[in-house]
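Student: Okay, structure incoming, though there's no sequence with it:
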């Protein structure tokens, strides 16, 4: 079996979520040693590490609150000490609370930007110096198709995700000469367990979503993981500053 990421170390944030866990498992299956960053989900992170080990991969859990610079720096230090310098950053963690525009206070706005944008900046600032020193690195941020198509009740989240795309392009310009690529993966509507807690009529929602897409099936976490895994490889070494929509063609609508 091809293992294109043998010898690489990957840091995946939000690793216990539906997309994050799929990404972590795929990178591990491709040969990377994976740091599973989570916040307050030690049991789930431990279970994921065990599943990866059972499949022949290597992964270790790490806890951090990515809203705070001190936590991010501690995370990076612990990952370096325990499993090595980070070659691949998958900056995936985020939050998706729906808040009406009329109820989007400055506190809500600040919190959403901290979770969904500033955390990406802090992580990239932390890991790219070592990537620069070794002359190689992959930064993959997690955006959203909503940064392009928009949606009600998500103004702060969408603004943050648009900022993630801009940050990624800036990193591509800034870091490309040192051998680092930076790309954004923008999922569409991906079927994850958490969806069931926010959708009243799952079947009706699925039908509405299929009407927005070219491909007539729901997106799966593995679809996103496949895109991330490709961008982490040497084969993607001439791709940078891009936003790859994994959305079944929703953005075309």
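Tutor: Structure received. As the structure is a prediction and not an experimental result, all values here were calculated from the model.

Student: Please make it C-alpha for all contacts and neighbour counts, starting now.
Tutor: OK.

Student: Tell me how far the residue lying closest to residue 236 once chain neighbours are set aside lies from residue 82.
Tutor: Using C-alpha to C-alpha, 6 or more residues apart in numbering and skipping the chain neighbours, the partner closest in space to residue 236 is residue 230 (6.5 Å). When C-alpha to C-alpha, to the nearest Å is the yardstick, residue 230 and residue 82 sit 26 Å from each other.

Student: Which one of these two is surrounded by more residues?
Tutor: Ranked by neighbour count (other C-alpha atoms under 10 Å), residue 230 and residue 82 place residue 230 first, with 15 against 10.

Student: A helix includes the more buried one, no?
Tutor: Yes: assignment of residue 230 by DSSP: H, G, I helix; E, B strand; the rest coil places it within a helix.

Student: wouldn't it be in contact with residue 239 here?
Tutor: No: in this structure, residue 230 sits apart from residue 239 without contact. The criterion is C-alpha atoms under 8 Å, and the distance is 10.4 Å.

Student: which residues of this protein fall in helices?
Tutor: In order along the chain, the chain carries the following helices (DSSP state H): 18-29, 42-54, 69-83, 106-113, 119-134, 146-149, 155-175, 202-212, 221-231.

Student: How confident was the prediction at residue 200?
Tutor: Looking at residue 200, its pLDDT stands at 67.

Student: Can you tell me, leaving aside adjacent residues, what's nearest to residue 213?
Tutor: The shortest distance from residue 213 to any residue that is not its chain neighbour, by C-alpha to C-alpha, 6+ apart, is 4.3 Å, and that residue is residue 250.

Student: circling back: just wondering, since we're on the residue nearest to residue 236, how far is it from residue 37?
Tutor: 21 Å.

Student: Same check on residue 84?
Tutor: Taking C-alpha to C-alpha, one finds residue 84 at 15 Å from residue 37.

Student: And for residue 128?
Tutor: Using C-alpha to C-alpha, residue 128 is found at 17 Å from residue 37.

Student: Who has more neighbours out of those two?
Tutor: A direct count of neighbours by other C-alpha under 10 Å for residue 128 and residue 37 places residue 37 higher, at 27 against 23.

Student: Residue 66 is in contact with that one, correct?
Tutor: No: using C-alpha under 8 Å, residue 37 makes no contact with residue 66, being 9.3 Å away.

Student: what's around residue 181, how many residues?
Tutor: Here the count is done by other C-alpha under 10 Å, and residue 181 has 29 residues near it.

Student: Pull the contacting residues for residue 2.
Tutor: If you count contacts by C-alpha atoms under 8 Å, 6 or more residues apart in numbering, residue 2 has them with residue 30.

Student: Can you name the residues that contact residue 42?
Tutor: Taking C-alpha under 8 Å, 6+ apart as the contact definition, residue 42 lies against 61, 63.

Student: separation between it and residue 34?
Tutor: Residue 42 sits at a distance of 16 Å from residue 34 (criterion: C-alpha to C-alpha).

Student: Mind pulling up the pLDDT for the residue nearest to residue 236?
Tutor: Among the per-residue scores, residue 230 holds a pLDDT of 98.

Student: for residue 192, same thing?
Tutor: Reported pLDDT for residue 192: 85.

Student: Could you count how many residues lie near the closest residue in space to it that isn't next to it in sequence?
Tutor: Counting by C-alpha to C-alpha, 6+ apart, the nearest residue to residue 192 once its immediate chain neighbours are dropped is residue 18, at 5.3 Å. For residue 18, the number of neighbouring residues by other C-alpha under 10 Å comes to 18.
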